[in-house]
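1. here is my input, please return the structure:
(chains A and B)
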Amino acid sequence: MVHGEAWTLKEFFVYPNEYIYWSIQIVMYPFMTGLVAGAFVLSSLYHVFGVKQLKDIARFSLVFSLALLPVAMMPLMLHLQQPQRGIYVMMTPHFTSAIAAFGIVFTTYAMIVLSEIWFVYRQYIVEMVLDLREKRRRKPLDSVRLALYSVLSMGAMDLSPEALHKDERAVGILAGIGIPVACFLHGYAGFIFGSVKANALWMTPLMPVIFICSAVVSGIALCIVTYIIVMELRKLILAWKRKNNPRLPSSEEIKSAEIHTVTITAKYLIMFMVLALTLELLDLIFRNYTAVKSWDILRSVIYEKDFFKIFILQYGLGNIVPFIIFLLPGLTIRRALLGGLLVLMGVFMMRWNVVIGGQAFSASFSGFMEYQLPIWPDNMETFKEGLFGALTVIITPFVLFFCVTRVLPVIGVKDSH
Amino acid sequence: MISRRSFCKKAMIAAGGIMIPLAALEVFNPQRLAAEKDGTGKVRWVFLVDIHKCVGCGFCVKACKTENEVPYEANVTRTWVERYVVTKTGKTHIDSPKGARDGFTSQKIDQAHHGLLEVKEEEIAKAFFVPKLCNQCENPACVQVCPVGATYQAADGVVLIDRSWCIGCGYCVMGCPYGVRFFHPVYHVAEKCNFCYHRLAKGMKSACVDACPFGARKIGNIRDPEDPVTKIITTEQVNVLKEEFGTKPQVFYIGLSREVK
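-> Residues are numbered from 1 along each chain as shown, chains lettered A, B, ... in the order given. Prediction:
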């Protein structure tokens, strides 16, 4: 069977070689890089612009962007027909291609995130090394931890106020450089689509900007959702522990701090959402108004074939409903969680409608293609480019986040950053 | 004694200094300049399709599949033939069942998922067949977007694919406005028509050209003024597909109608 044939349904006249070649993993790719970039931008709001209220979530989102980092590459590897040759993009980049920049942009960004995290956590790492060294009787696990933290400290054990101040400055500078790089990482994902002149839906110079805005929106939404879930779990654990130790903070105290952070973060979410929505609507209105050759087929895709996915799921449930949820006074944790989840769904649908929607019509403008997401895999291809492949990509960052936070905790760390 | 710091510093300056002239060597590679510049080579392969002569027998598709080892039953093909049926009310119906590998054996129009459509003969205003193949564009979008340089343009204008280097990202498939590219079902890399490059290299003609019983397909060298194909392209009314994409396609058509997509 030809690649793409398993999930493509053709209607009317489609060129014989046309199939949905870019499937669910290419929907996941901009979605995941968007989350990375967005989480990073959120953490930078605190480190660069000194938005003090975001202090709690800044560290959280920084570590999350680390956990998401390898996952930005995963969908691409799952999508390639020759994944073992993926490294060629780094080895022999052909720079007239937008994808060729991936290696450089991604590596730069990864180095910035890693070094920023190192500076943020240096004090904590050193303290852990010192604590563990002092322990008289170390359990085997403690020895492993000591070795790990010693390596992580990279020998920089200075904890003098000047050294810590230097750390802080380094974090500020890295976060500052990181914002444009994060935007570039994602803007260029938009450019990959926006520059395909053969595709009438994709080709618009607005694409990179739309991608950046929706990336920040999704990143912030994910941080809100994960933050709430982590805090709720923490409350449950604390309530359980308080039975034995009543001096621990009560769940009421945590709750007030939690809702405060969420409310502030939601404001930034709304801001970026307005921007993203404005640009998307501008694009739609412009296409409608200019009505060039491709408009006939685009209209039938946008207003008929994909109406439910675009106007109900993406704009309705993904944009308007969360708007109301976040803007109505007296935001509660539950409402914020629902709003965050809806925003994430909306951004996912936006990626879907761009990637799959862009292939929903033939380049002949005389027929349509429908993507039928493979649910139950019957071979490697339908696993990779089906529901289970996508779920693997979604679950991985949470697993990684869990592992990373075993070493670098995100909550309850007291230091200057 | 040189200190570590100054050694690193000097090493970096030296490396940087060496890089600049090396970069210049790359910029002024004469072979590449010759290949990229217009009109320097002796050969530039072009194709000529006479729509008036095509009857939709599909011999070209069959010959192509056999010659180029594209699995016979696979629903992809390097070349194909489209049937256009325009009704008196101005509606255009297009189909190409299995790329017209077996010709057009039924009068009914293949609507893919929507089954077969019967158009009554008295409703038809005009009908014709259009063979399609890679346009070997002068400004190929597929070459531009390949992230690893696995697809490239030869000096004689033909766009080729390196099967050992293609990573299978599909960006070229997406970038082609003509839909000529696909993934090879056996090699799992990008695939498309290359005018039967292996045959051209031996002085033969493309398999589809030889297979066409009506002379609807011709291949020629546009740099040779004596080539019959060149004469037709330069003196008669010919057209190309989708000029608006700026790809400068090099497959020319005689009798191309406005309905052709």
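
2. buried residues in stretch B:216-230?
-> The neighbour-count check on stretch B:216-230 (16 or more other CB atoms under 10 Å in any protein chain shown) flags B:216-223, B:227, B:229-230 as buried. For the C-beta atoms, the positions are set from N, CA and C on the backbone; glycine is no exception.

3. chain center to the regular element (helix or strand) spanning A:Phe40, what's the gap?
-> Here A:Phe40 sits within helix A:24-47, counting by DSSP states H and E. Its chain's average C-alpha position is 3 Å from that of helix A:24-47, according to CA atoms, centre = their mean, to the nearest Å.

4. just give me the neighbour total for residue 136.
-> Just going to use chain A. 4 (other CB atoms under 10 Å in any protein chain shown).

5. think we crossed wires, I meant chain B
-> Neighbourhood size, B:Gln136 [other CB under 10 Å]: 27.

6. A:Ser300 versus that one, what's the distance?
-> Here the criterion is CB to CB, to the nearest Å. By it, B:Gln136 lies 33 Å from A:Ser300.

7. so what's A:Val129 scoring on pLDDT?
-> Predicted confidence (pLDDT) for A:Val129: 93.

8. now the closest residue to chain B within the stretch 151-300 of chain A. Nearest residue, chain neighbours left out?
-> Among all residues of the stretch 151-300 of chain A, A:Ala198 sits closest to chain B, at 3.9 Å; criterion: CB to the nearest CB. Spatial nearest neighbour of A:Ala198, excluding adjacent residues (CB to CB, 6 or more residues apart in numbering or on different chains): B:Pro177 at 3.9 Å.

9. count the residues that sit near the one you found.
-> 22.

10. show the pLDDT at the closest residue to A:Ser294 other than its chain neighbours.
-> Excluding the flanking residues, the one nearest A:Ser294 by CB to CB, 6+ apart is A:Ala200, at 3.4 Å. Model confidence at A:Ala200, given as pLDDT, is 94.

11. from what I see, A:Ala200 and A:Thr290 are in contact.
-> No: if you go by CB atoms under 8 Å, A:Ala200 and A:Thr290 don't touch, sitting 11.9 Å apart.

12. state the pLDDT value of the residue in chain A sticking out farthest from the centre.
-> Distance to the chain centre peaks in chain A at A:Arg136, reaching 43.1 Å (criterion: CA atoms, centre = their mean). Note for A:Arg136: predicted pLDDT of 82.

13. and it, which of the three is it?
-> Under the three-state scheme (DSSP: H, G, I helix; E, B strand; the rest coil), A:Arg136 adopts coil.

14. so how far is A:Leu327 from it?
-> 57 Å.

15. can you pull out the helices in chain A?
-> Secondary structure of chain A by DSSP state H: the helices cover A:24-47, A:55-79, A:88-91, A:102-134, A:140-153, A:161-194, A:207-242, A:251-290, A:295-299, A:307, A:321-327, A:333-355, A:380-384, A:387-407.

16. next, format these as TSV and append mean neighbour count.
-> Putting those into TSV (neighbours: other CB atoms under 10 Å in any protein chain shown) gives the following:
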stretch	mean neighbour count
helix A:24-47	27
helix A:55-79	23
helix A:88-91	17
helix A:102-134	18
helix A:140-153	14
helix A:161-194	19
helix A:207-242	22
helix A:251-290	16
helix A:295-299	17
helix A:307	11
helix A:321-327	18
helix A:333-355	22
helix A:380-384	17
helix A:387-407	16
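
17. element containing B:Phe252, please.
-> Using DSSP H and E, B:Phe252 falls in strand B:251-254.

18. could you list the alpha-carbon positions for that strand in CSV?
-> Presented in CSV, the C-alpha positions along strand B:251-254 are these (Å, rounded to 0.1, in the frame of the first residue of the first chain):
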residue,chain,number,x,y,z
VAL,B,251,6.7,20.6,-20.3
PHE,B,252,5.0,22.4,-23.1
TYR,B,253,1.5,21.7,-24.3
ILE,B,254,-0.1,22.1,-27.7
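
19. so what pLDDT did the residue of the stretch 151-261 of chain B found nearest chain A get?
-> Per CB to the nearest CB, B:Gly168 is where the stretch 151-261 of chain B lies closest to chain A, at 2.4 Å. Looking at B:Gly168, its pLDDT reads 96.

20. flag every residue of the stretch 101-250 of chain A that's near chain B.
-> Neighbours of chain B within the stretch 101-250 of chain A, by CB under 8 Å from any CB of the partner chain: A:102, A:192, A:195-199.

21. between those, which sits nearest B:Pro71?
-> A:Ala198 (25.7 Å; CB to CB).

22. thinking again about what came up before, in contact with the residue of the stretch 151-300 of chain A closest to chain B, which residues?
-> Going by CB atoms under 8 Å, 6 or more residues apart in numbering or on different chains, A:Ala198 touches A:363, B:141, B:174-177, B:245.

23. tell me the spacing between it and B:Lys91.
-> Relative to B:Lys91, A:Ala198 is positioned 26 Å away (CB to CB).
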